[in-house]
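Asks: I'll drop the sequence and a predicted model, then ask my questions.
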Amino acid sequence: MASGTFQRLKKAKILANFVNLSSIQLSNALLLILLYPLITRIVGLEAFGLVMLANAFAGLLGIVVNFGTSQSGIKDVAVHKDDPQNLSRVFYNTLLIRFLIFLLFMVFFTLAGLGNFVHYEYYLFAVPLILAEVVNPLFLYLGTERLAVYSMANLVGKVLIILSVIFLINGSSDALWVNFLIGGVNSLIYIFLIIRGVMKYQLPFILPSKADMLELSKSNFFLVGNNISVHLQQSLMLFALARWGNPMWLGAYSLCDKITWSSRLMISSIANSVYPKAAWLFSEDPLQFIGFKNRIKKVLTLAFLVISACMMIFAAPIIYLVAGEPNATAETVLRIMSLVPAAAALNSLNVLELLIRENNRSIFNIAMVLLVLAFTLAFGISILKNIYLLGAYTLFIELSAIMMYEYVIRKEYPVYA
């Protein structure tokens, strides 16, 4: 039985996809475990909070620049991976729309520098993080299911980032350069992968047409709206604390946010690894798909419930490992946030189901409701300055998301729910 299951997973490339995606997420986790303690020790917790604030801001703009192409591009590449002409069209369309949006943001940064933009220097030095999103070719390597080289290059990049911080960042005055180094190294790694991909798949340059750009813009609108909302649900609290909250709370919350973020990356890698199999099952038999989804959901939720329990029990040593020093505030916040991984795992397959059903409208609507809720909570909690509400913020958002996704699925697809 176990051997048969293993062979089915291997044949469907679920296992290979999961291993390679997991290696990417593990290298990102390596960045969390090794780099952030170094940064906090070198620049201090308060400056670390500003670094993570700018990091979150660049991440938000990176999502807009990406414009949902990290999702749509995977599907389009997979469909045309044996057709060099159409694969080239997908590849260059994706890069061009990202680059055009990036140019618009560069105009925005230039104009912002003329005004009194709070923490402007930190945001400006994080621009290479946005550029890295422009040139990230993950969609090409995942769509063609050739992730080994990408995974290795990603790991090399993380090691180079850590070495750069060790040798080039010498105190709080250098905190501005942290995001610059991270984004710069990633950009160089991704440009290398783009060149390799063009040579490997023999992609002749095809000038994207206006019609292709308009179609991509329309089809990805709901995806980018959802992605922005998801990012803001996490980062809004950082922006609120920077404006109205305690600076030390900003650093503590940033640490806990990055810790739970690492578990989200693993959940995402698992969901992406089963995506092709789940989509095929749905096309063959929706009832069979539901059974598959429910089995994966149970295993996933149980696994991350154990992770959540470990976070709650070992909050103090985890904070010490990541921050490089004890922090009672961060420990309290992490213990409350510790259930976030289990909640995110419980909901991940619901999101996958709506994606497979191509119900992007409902995904977008839920995202907008959650965004309003996140904004209200972030503003209220930063004003009230209650540490327990601060820890409960992300958990409350996740639980609200579960209820809304379950409601939509059961209402719109009652036969299969």
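Replies: Yep, it's here. Residues are numbered from 1 along each chain as shown.
Asks: Make sure A58 is actually in contact with I130.
Replies: Yes. With contact defined as CB atoms under 8 Å, A58 reaches I130; the gap is 5.3 Å. To be clear about C-beta, it is placed using only N, CA and C from the backbone, and glycine gets the same treatment.
Asks: May I ask which helix or strand encompasses the residue nearest the centre of the chain?
Replies: For the chain, the residue nearest the mean C-alpha position is L265 (6.6 Å; CA atoms, centre = their mean). Using DSSP states H and E, L265 falls within helix 247-284.
Asks: can you pull the buried residues of the helix or strand just after that helix?
Replies: Going down the chain from helix 247-284, the next helix or strand is helix 286-313, by DSSP H and E. Of the residues in helix 286-313, 286, 289-290, 292-293, 296-297, 300-301, 303-305, 307-308, 311 count as buried by neighbour count, 16 or more other CB atoms under 10 Å.
Asks: From the chain's centroid, how far away is the helix holding L265?
Replies: Taking CA atoms, centre = their mean, to the nearest Å, the mean C-alpha location of helix 247-284 is offset from the chain mean by 7 Å.
Asks: which one of the buried residues of helix 286-313 is nearest Y122?
Replies: M311 (28.7 Å; CB to CB).
Asks: low-confidence ranges in the protein?
Replies: 1-33, 234, 245-247, 272-273, 276, 415-417 (pLDDT under 70).
Asks: how's it carved up into domains?
Replies: Segmentation of the chain into domains, based on automatic domain parsing, reads 34-219, 245-417.
Asks: related to what we said a few turns ago, report the two of the buried residues of helix 286-313 separated the most.
Replies: P286 and M311 (35.7 Å).
Asks: returning to what we had before: what residues sit buried inside the helix holding L265?
Replies: Under 16+ other CB under 10 Å, the buried positions of helix 247-284 are 249-260, 262-267, 269-279, 281-282.
Asks: report the angle between the axes of it and helix 286-313?
Replies: If you take axes from the mean of the first three to the mean of the last three CA atoms, to 10 degrees, helix 247-284 sits at 160 degrees to helix 286-313.
Asks: quick one: A126 and W177, what's the gap?
Replies: 10 Å (CB to CB, to the nearest Å).
Asks: Give me the more crowded residue out of these two.
Replies: A126 (26 against 18; other CB atoms under 10 Å).
Asks: Show me what the strand or helix carrying R89 is packed up against.
Replies: In the assignment (DSSP H and E), R89 maps to helix 84-112. Under the contact criterion of 3 or more CB pairs under 8 Å, 6 or more residues apart in numbering; DSSP states H and E, helix 84-112 touches helix 45-66, helix 69-80, helix 120-124, helix 127-135, helix 177-200, helix 210-219.
Asks: Those helices: which one's closest to I97?
Replies: Here helix 210-219 is closest among these (CB to CB), at 5.7 Å.
Asks: which residues are in contact with that closest one?
Replies: Contact partners of helix 210-219, identified using CB atoms under 8 Å, 6 or more residues apart in numbering, comprise F67, T69, S72, R89, N93, T94, L96, I97.
Asks: List the buried residues in it.
Replies: Neighbour-count burial for helix 210-219 [16+ other CB under 10 Å]: D212, L216.
Asks: got the buried residues for the helix or strand just after that helix?
Replies: Counting by DSSP H and E, the next helix or strand C-terminal to helix 210-219 is helix 221-244. Buried residues in helix 221-244, defined by neighbour count with 16+ other CB under 10 Å: 222-242.
Asks: OK, contacts around S348?
Replies: With CB under 8 Å, 6+ apart, S348 has these contacts: I267, S268, I270, A271, K297, L300.
Asks: and it, what are its phi and psi?
Replies: phi -60, psi -40 (degrees, to the nearest 10).
Asks: what's the answer for F314, then?
Replies: Taking degrees, to the nearest 10, you get phi -110, psi 30 for the backbone angles of F314.
Asks: repeat for N359
Replies: phi -100, psi 60.
Asks: For N327, grab phi and psi.
Replies: The phi/psi pair for N327 (degrees, to the nearest 10) is phi -150, psi 110.
Asks: got a list of what it touches?
Replies: L45, A252, L255, I319.
Asks: burial count for the closest residue to the third one other than its chain neighbours?
Replies: Same thing as L255. Among residues not flanking L255 along the chain, A330 sits closest, at 5.1 Å (CB to CB, 6 or more residues apart in numbering). Here the number of neighbours of A330 (other CB under 10 Å) works out to 28.
Asks: So which other helices or strands are in contact with the host helix or strand of A330?
Replies: Using DSSP H and E, A330 maps to helix 328-337. Helices and strands touching helix 328-337, by 3+ CB pairs under 8 Å, 6+ apart, are helix 247-284, helix 286-313, helix 315-323, helix 387-412.
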